[in-house]
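Q: build me a structure from this.
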Amino acid sequence: MSRNGTTEFCLLLSSCISTPEIASLVAGCFSRGHPPNAPIQPSKTNPYLSVRTCCQTISDGIYHFKHSEHFLLITLSRQLILECAISIVPKLKNDISVLERSVDELSVGQISWLAELALKSYVLDKDMLVKLLHATQFRAPHLTLFPAQHHFKPTLFLLEQMGVVSELVLCHDKEQLRSIWSNHFQSTRLFPDALALRGYFGDSIGFYFNWMQTYCLFLLGPTVVALLCHLISLMINFINTHLHSSPEEPVPSAPELVIRLMFTLLMIIWALICTKLWSRQHATLVECWSSNPLLKDTTNDLAWLFRLLDQRPGYHGLWRESCVTGQMEVHFPAWRRRLRYLISSLVIVCCLLAAGFVHVVLLNLEGYVTEEKAPAIFFRFISRHTFHGALFDPNGPGFYPYIPGVLHSLLVFVMNQLVFHSIAKYLTDYENHQSWEEYDRALIIKRFLFEMLDAYGCLAYLGFVLSDSEALRSLLLTMLLTDSLRRFVIESLIPLIIYQFRMWHEKRLAAKEKRAADCDTLPIPAIDWSNYKRELCAESYEPFDDYLEMVLQHGYLVLFAYVCPLLGAPIALVSTFFEAHSDAFKMLRVTRRPRPRLLIRGSFTWLVLLGAQAWLSILTNVGLFVSFLHTHLTESDTDFSLLFLILEHGLFVVAICIHLFVQDVPSVVRDARHSREFRRVNVFSTVSNTT
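A: You can find the predicted model right below:
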């Protein structure tokens, strides 16, 4: 939001139908439109928004442009934002001072969300829309005309469904961006300023950096304990080796087992408590950031209304009159979506089985699968290449023994990034979710299932089938280190290189057009694209992959805490610290401005996954401990199954106590919600008046 109260968006047109004529027609749809609850004004100048096309029209119909794709710049006035605020809270229409004060108290990110909502609900001009339909019909024959009802109000949602608009990008405010950048990197700040980032990018981004900061702080405890345990283990090994003149045995001594077991219990309880504290943090931030009269109902008490406003352009169905709003809406029957859920689940199961089979084949090729320990998944015709003297013998000379490991990493990357990522997105699109929140939740679950199999599958095999603690510990340490480096390269370095390459390409194209043009006869372009380099050339940012990486890292530490190297927590702490600064750099300097999203009341999917991993860690760590005892205490008469049940049930009792005694919502937040509900209903005053 600029100083004069306006907000600017860059509307990117689809490349398949992107021409200067189409851009001009789309601009006419907006410039002649009006807000949903405001009358159409016959004046030539639109008081609500201004639209500029990327190309300059000449008298003979030729368009002069110096860019590869066409776009529009739409500037929303403060008046349109106020009209949208009135549509959310109609009672504020009678008190303009309260309305303006409520808008002024919003953060820049929240005003950007309100501006995006105003633009999405802006009613397009039907005459220009009909011309646009005729102009694009032959290029996109799959288009469907809007309903013929006279009270139907076409909006940007219809243009997105038509395939005319590819993306709506919120433009950066150069002054505010420069201020945040200077405060972030020119001050001695340990963590990125979550409040400043939240104020500019929106509440969802602010919560991400708040969560990253608390995650780092919570990792300090396991890090200190891990370092102390590591020092104690070194002292025990030194005493056993030098003072008692006993060589170091491959089997840990009794004190080391006690240290490892205590560290495991600490990590399990730590994970359970952190999950509850993160849920309380989420509820507290929702309450604090939605205290404004414009947002407290939309995001806090009436979250279903937010989902109604946050409708996806890909959502399709039959047009009908809404039972809630009384306006025309797209409706998709619930039974059809449930049927699609069933089909999608079957496809996911088949994909997981296929991925599991690929992992088994690769483990055979790496020599990890033996006929003695895993006869069910042992393939002799593959494993024979890893026998003594064979081509891929793990103890053989040369580089051939490393080929299966490299092949495993490459195939896992291809399966995740190319195959399963595309399948998960296709299935989520097929399920036809109405809101972005529902869509993201479904996509998160699918992506997490695929990533979890690839991240934890080999670790589970080494721990539960082979019972090889040393190999599992080494692989965990390797994955923690390589994942940190990979995140920096893929998520920050590569997007920066792509952004610089696109800028070079656009500059080269502009220079070529400039040399070919006659500067004396052609007018100055309507828009200088170089002022909007980030909006046109950079990649879009979503915290989806960042959350996923953090959840997987949390799983490495928690699910395999018993065999996790004592340096795992310090590595995770350092990695998370640099990840927070890397993400801040990426958003401030590399990517487009993220879509402004509010933090709404309800269960946060990523926190649910973190909680599920915390509860699952009880089973995995007890299983690893019992498996270790069963492997090294072969002559013991201990009933290991009974030992597993006793330990597992005891830890579940502790987890249930933590779940019951630590509430997800703080009492202060709960009282504030009840107070609002009481003022809204006002039951007691009604009862007293009747008596």
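Q: gap between the residue nearest the centre of the chain and H230?
A: For the chain, the residue whose C-alpha lies nearest the mean C-alpha position (Cα atoms, centre = their mean) is F544; its distance is 1.8 Å. Per Cβ to Cβ, to the nearest Å, F544 is found 35 Å from H230. Every residue, glycine included, has its C-beta placed from N, CA and C.
Q: what's the answer for F381, then?
A: 44 Å.
Q: need the strands for this structure, in chain order.
A: 7-13, 49-53, 56-57, 63-64, 71-76, 165-170, 318-321, 328-331 (DSSP state E).
Q: least confident of these, on average?
A: Note on the strands of the chain: lowest mean pLDDT is at strand 63-64, with a mean of 50.
Q: who are the contact partners of the residue nearest to the centre of the chain?
A: Listed by Cβ atoms under 8 Å, 6 or more residues apart in numbering, the contact set of F544 reads D440, L443, I444, R447.
Q: equivalent analysis for R593, please.
A: For R593, the residues meeting the contact criterion (Cβ under 8 Å, 6+ apart) are V169, L170, C171, H172, F201, R534, E535, Y541, M587.
Q: any chance of the residues you listed in a markdown table with distance to S121 as columns?
A: Formatted as a markdown table, the entries for these read as follows, by distance: Cβ to Cβ, whole Å:
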| residue | distance to S121 |
| --- | --- |
| V169 | 18 |
| L170 | 16 |
| C171 | 20 |
| H172 | 24 |
| F201 | 22 |
| R534 | 26 |
| E535 | 22 |
| Y541 | 25 |
| M587 | 27 |
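Q: just among those residues, which is most surrounded?
A: F201 (28 neighbours; other Cβ atoms under 10 Å).
Q: show the pLDDT at that residue.
A: Each residue has a pLDDT score; the one for F201 is 92.
Q: same check, this time on the one 10 residues further on
A: Among the per-residue scores, W211 shows a pLDDT of 94.
Q: what about the closest residue to it other than its chain neighbours, how many residues close to it?
A: Counting by Cβ to Cβ, 6 or more residues apart in numbering, W211 lies nearest to W278, which is 6.6 Å off, once chain neighbours are set aside. Counted with other Cβ under 10 Å, the neighbours of W278 add up to 21.
Q: same check on S667?
A: By other Cβ under 10 Å, 8 other residues sit near S667.
Q: over to the one 4 residues further on?
A: D671 has 10 neighbouring residues, counting by other Cβ under 10 Å.
Q: for F381 and H230, indicate the residue with more neighbours.
A: Neighbours were counted for F381 and for H230 using other Cβ under 10 Å; H230 has more, 16 against 7.
Q: which one is D203 nearest to, not counting chain neighbours?
A: The shortest distance from D203 to any residue that is not its chain neighbour, by Cβ to Cβ, 6+ apart, is 4.0 Å, and that residue is L599.
Q: closest to D454 out of the strands of the chain?
A: Using Cβ to Cβ as the measure, strand 165-170 is the one of the strands of the chain that comes nearest D454, at 29.9 Å.
Q: in the stretch 201-350 of the chain, what spans have low per-residue confidence?
A: With pLDDT under 70 as the threshold, the stretch 201-350 of the chain has low-confidence stretches at 242-253, 297-310, 324-328.
Q: and with 90 instead?
A: Of all residues in the stretch 201-350 of the chain, those with pLDDT under 90 make up the ranges 226-263, 286-287, 289-335.
Q: the stretch 351-500 of the chain now?
A: Scanning the stretch 351-500 of the chain with the threshold set as pLDDT under 90 gives 354-422, 432-441, 450-500.
Q: and the helices in it?
A: Taking DSSP state H, counting those that start in this stretch, the helices of the stretch 351-500 of the chain run over residues 380-383, 403-414, 421-431, 436-460, 469-488, 494-516.
Q: and the fourth one, what does it pack onto?
A: In terms of contacts (3 or more Cβ pairs under 8 Å, 6 or more residues apart in numbering; DSSP states H and E), helix 436-460 is packed against helix 303-309, helix 334-366, helix 421-431, helix 469-488, helix 544-559, helix 605-632.
Q: quick one, which of those is packed in tightest?
A: Burial of these is given as mean neighbour count (mean count of other Cβ atoms under 10 Å); helix 544-559 ranks first at a mean of 21.
Q: roughly how far is it from the heart of the chain?
A: Once both centres are worked out by Cα atoms, centre = their mean, to the nearest Å, helix 544-559 turns out to sit 12 Å from its chain's centre.
Q: can you pull the contacts of I444?
A: F544, Y547, L548, T605, W606, L609.
Q: ok, of those, which one's closest to V563?
A: Each of the contacts of I444 was scored against V563 by Cβ to Cβ, and L609 proved nearest at 22.1 Å.
Q: contacts only, for the closest residue to that closest one other than its chain neighbours.
A: Nearest-residue entry for L609: V551, 5.4 Å, with adjacent residues in sequence omitted and distances by Cβ to Cβ, 6+ apart. Residues counted as contacts of V551 (Cβ under 8 Å, 6+ apart) are F448, W606, L609, L610, Q613.
Q: looking at it, the first one is touching E549, isn't it?
A: No: taking Cβ atoms under 8 Å as the contact criterion, F448 and E549 are not neighbours in contact, 11.3 Å apart.
Q: measure the spatially closest residue to F628 that is not a sequence neighbour to W319 for me?
A: Distance criterion Cβ to Cβ, 6+ apart; nearest residue to F628, sequence neighbours excluded, is S469 at 6.0 Å. The span separating S469 from W319 equals 61 Å under the rule Cβ to Cβ.
Q: quick one: end-to-end length of stretch 553-570, please.
A: This stretch, stretch 553-570, spans 12 Å end to end (Cα to Cα, to the nearest Å).
Q: now it, how far from the centre of its chain.
A: Here the centre of stretch 553-570 is set off from its chain's centre by 23 Å, with Cα atoms, centre = their mean.
Q: same check, this time on stretch 35-55
A: So, by Cα atoms, centre = their mean, the centroid of stretch 35-55 is 35 Å from its chain's centroid.
Q: can you give me the buried ones in it?
A: Taking 16 or more other Cβ atoms under 10 Å as the neighbour-count basis, stretch 35-55 is seen to contain the buried residues P35, A38, N46, Y48, L49, S50, V51, R52, T53, C54, C55.
Q: can you give me the helices for the stretch 51-200 of the chain?
A: Secondary structure of the stretch 51-200 of the chain by DSSP H, counting those that start in this stretch: the helices cover 78-88, 96-104, 108-120, 126-136, 156-162, 174-185, 194-201.
Q: kindly reformat the ones you listed as CSV containing distance to A390.
A: Below are those laid out as CSV (distance: least, Cβ to Cβ, whole Å):
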stretch, distance to A390
helix 78-88, 70
helix 96-104, 72
helix 108-120, 60
helix 126-136, 62
helix 156-162, 57
helix 174-185, 54
helix 194-201, 55
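Q: need the winner for burial among those helices.
A: If you average neighbours per stretch using mean count of other Cβ under 10 Å, then among the helices of the stretch 51-200 of the chain it is helix 108-120 that wins, with a mean of 23.
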